[in-house]
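Q: Make a model of this:
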Amino acid sequence: MKTKTIVVSLLIALAAAGGGWWLAQPEAVHQHVLEKRTTSQGKTYYTCAMHPEVRQGEPGNCPICGMKLIARSSDASMSAPRDAVVEIDPRMAQNLGMRTAPATRGTFWQRIDAVGSVVLDERRIVTVESRTAGWIERLDVRAEGEPVQKGQRLATLYSPELFAAKQELKLARDSGDAALTAASQQRLRLLGGGAGGGSQSVIVAPTSGFVMELMAREGAQLGPGMPLMKLADLSQVWLLVEIPEAQISWVQQGRPAEARLKSMPGKVFEGRVDYLYPALDASTRTLKARLVFDNPDGALRPGLFADVTLFGGPQREVLRVPSEAVIRTGSRTVVMVAEGVGRYRPVQVETGPERNDETVILSGLEAGQQVVVSGQFLIDSEASLRGMYQRLGGAQP
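A: Predicted structure coming up:
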């Protein structure tokens, strides 16, 4: 009986010790064991370009989006497969609305869109001066900005010098001396006086326009050659625009230009390139161009901003693609070329000017190749994940 009791006690002690050891093991209950998918040499697994959290040990399609899984490895030397073509299930491409368009050759019209500022034509600014000493008896324009017409009286001057010149001419004529008469007439013309008697001199507007600056007032004393006012003719104005450095060669003197004002939607003003300034702005890398526009109704007022279009002529037989096909990241410019059904290849290109949603391709493509114009960023993401851009010049997206 005693022996049986000892055996039972020993079994209980062993069971307690075993149970204590089992409980002492960490995460012994409901432990999640991760499967090791790589070896020391690197084991291949399959993942989704759009959902990298998906990992499978065999090929197939993504359970989330249906895209074909791509092979990856923990070994960096095997991270980029040798095939540079991205494959996408045609049904998935259709569901995502992927579209392609051909690269075509044709005429590209060079055009520059810019903002110009309206300024006075400096060649149409006139200074009105007094030819003789005197006082302003009457001033017919009294404020800057007033419009004037050619031949309109601007001011009346009282001039003792003019009165003396007219008396000399009268005496010369009475004497019958032809030479003295001619000299007196010449002196009177230089003083701006007429043939009649009197001491008043009338100053008239030499051109139509507006009073740009008024430099004398009624009653003021003037000397010979002193300015009375400045007139500006607005029948023709300048527009100044900045041309980007890369587009300077498009612009030539005499080429047509158009301008539009926000205050007059639908109206197009036609002008031309008048002058290209010689120096490039070092800070903005632009060249200033001066355009000339006829302005018979005065709608182009100095100080206004206008949307300007410069036409640089055609480029013949250039390769073009839709602008939406071009992917720019700052470090590279690529398009996705459709190789066949469900097969796409990223191609690095050099682009030229862009206009009307078309971009000129200088190198990297050939006419007739189909480029992806919708859904290309999905292919770009997968190509980046597969390391294809390392073979396009080392640039990473």
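Q: next structured bit after the lowest-mean-pLDDT helix or strand in the chain?
A: In the chain, the helix or strand scored least confidently by mean pLDDT, DSSP states H and E is helix 2-24, which has a mean of 45. Heading C-terminal from helix 2-24, the first helix or strand you meet, by DSSP states H and E, is strand 44-47.
Q: for that next one, packing partners?
A: strand 55-56, strand 70-73 (3 or more C-beta pairs under 8 Å, 6 or more residues apart in numbering; DSSP states H and E). All C-beta spots, glycine's among them, are computed from the backbone N, C-alpha and C.
Q: thought residue 257 was touching residue 306?
A: No: with contact defined as C-beta atoms under 8 Å, residue 257 and residue 306 do not form a contacting pair (10.2 Å).
Q: quick revisit: go through the helices and strands packed on strand 44-47 and pick out the most buried.
A: Comparing the helices and strands packed on strand 44-47 by mean neighbour count (mean count of other C-beta atoms under 10 Å), strand 70-73 ranks first with a mean of 17.
Q: just checking, what packs against it?
A: Short answer (3+ C-beta pairs under 8 Å, 6+ apart): strand 70-73 packs on strand 44-47.
Q: Parallel or antiparallel, which strands does the strand it packs on pair with?
A: Sheet pairing of strand 44-47 (DSSP bridges) gives strand 55-56 (antiparallel), strand 70-73 (antiparallel).
Q: Helices of the protein, residue ranges please.
A: With DSSP state H, the ranges of helices along the chain come out as 2-24, 90-95, 160-175, 178-190, 376-385.
Q: distance of the nearest residue to residue 314 once chain neighbours are set aside from residue 92?
A: Nearest residue to residue 314 in three dimensions, chain neighbours excluded: residue 107, at 4.9 Å (C-beta to C-beta, 6 or more residues apart in numbering). Remark: distance between residue 107 and residue 92 (C-beta to C-beta, to the nearest Å) = 38 Å.
Q: So which of these two has more stuff around it?
A: Neighbour tally, residue 107 and residue 92, criterion other C-beta atoms under 10 Å: the higher count belongs to residue 92, 18 against 10.
Q: mind listing what the nearest residue to the more buried one once chain neighbours are set aside touches?
A: Excluding the flanking residues, the one nearest residue 92 by C-beta to C-beta, 6+ apart is residue 66, at 5.0 Å. Neighbouring residues of residue 66 by C-beta atoms under 8 Å, 6 or more residues apart in numbering: 89, 91, 92, 95.
Q: now the stretch 1-150 of the chain, which segments are flagged as low pLDDT?
A: 1-43, 49-53, 73-84 (pLDDT under 70).
Q: Apply 80 and report the result again.
A: Applying pLDDT under 80 to the stretch 1-150 of the chain flags residues 1-45, 47-55, 65-67, 70-86, 88-89, 92-97, 131.
Q: looking at the sheet around the nearest residue to residue 100 once chain neighbours are set aside, what are its partners?
A: Distances taken as C-beta to C-beta, 6+ apart place residue 370 nearest to residue 100, at 4.3 Å, with adjacent residues excluded. For residue 370, the beta-bridge partners are residue 102 (DSSP bridges).
Q: For residue 370, give its distance to residue 91.
A: Taken as C-beta to C-beta, the span from residue 370 to residue 91 is 19 Å.
Q: Please say which of those two ends up with more neighbours.
A: Applying other C-beta under 10 Å to residue 370 and residue 91 shows that residue 370 carries more neighbours, namely 18 against 10.
Q: any chance you could map the strands in the stretch 201-350 of the chain?
A: Here the stretch 201-350 of the chain has its strands, by DSSP state E, counting those that start in this stretch, at 209-214, 221-222, 227-232, 236-244, 256-260, 269-281, 286-294, 305-322, 327-328, 333-340, 343-348, 350-355.
Q: which one of those lies closest to residue 122?
A: For residue 122, the closest of those is strand 236-244, at 7.8 Å, according to C-beta to C-beta.
Q: What are the contacting residues of the closest one?
A: 112, 114-122, 124, 251, 257, 259, 271, 274, 276, 281, 284-295, 300, 302, 306, 308, 310.
Q: burial count for residue 178?
A: 10.
Q: Just the terminal-to-terminal distance for stretch 214-234.
A: Using C-alpha to C-alpha, to the nearest Å, one end of stretch 214-234 lies 17 Å from the other.
Q: just how off-centre is that stretch within its chain?
A: On the basis of C-alpha atoms, centre = their mean, to the nearest Å, stretch 214-234 sits 44 Å off its chain's mean C-alpha point.
Q: Could you list the buried residues of it?
A: For stretch 214-234, burial by neighbour count (16 or more other C-beta atoms under 10 Å) applies to 214, 216, 222, 228, 229, 230, 231, 232, 233, 234.
Q: Out of these, which comes closest to residue 103?
A: Among the buried residues of stretch 214-234, residue 234 lies closest to residue 103 (C-beta to C-beta), at 49.0 Å.
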